[in-house]
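Chemist: here are the coordinates; sequence isn't available:
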């Protein structure tokens, strides 16, 4: 169970990193879309929340 949560945490963090890189890439483009930047930021914040919740759950399972 704890190893599955560890992999899930890693996957969630990689998703956050992917959305962060996509947002930075969008901002670096010449004709960047403000609405796409806003959407990517919202996705990043939501995924960060999910990643933190999964990490806390993994820590709770590992301690018990």
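Modeler: Perfect, I can see it now. In this text the structure is predicted, and so the values were computed from the model without any measurement.

Chemist: residues of stretch 22-40 that come out buried?
Modeler: 23, 26, 40 (16 or more other Cβ atoms under 10 Å). Any C-beta I mention is one placed from the backbone N, CA and C, and that applies to glycine too.

Chemist: no no, stretch 42-50
Modeler: Buried, per 16+ other Cβ under 10 Å, within stretch 42-50: 43-44, 47-48.

Chemist: Of those, which is the nearest to residue 3?
Modeler: residue 47 (21.5 Å; Cβ to Cβ).

Chemist: The spatially closest residue to residue 48 that is not a sequence neighbour: helix or strand, and which one exactly?
Modeler: Leaving aside its sequence neighbours, residue 48 sits nearest to residue 16 (Cβ to Cβ, 6 or more residues apart in numbering; 5.4 Å). Using DSSP states H and E, residue 16 sits in helix 2-28.

Chemist: Check which helices and strands that helix sits against.
Modeler: helix 34-63 (3 or more Cβ pairs under 8 Å, 6 or more residues apart in numbering; DSSP states H and E).

Chemist: Check the offset of the helix it packs on from the chain's centre.
Modeler: The chain centroid and the centroid of helix 34-63 are separated by 5 Å under Cα atoms, centre = their mean, to the nearest Å.
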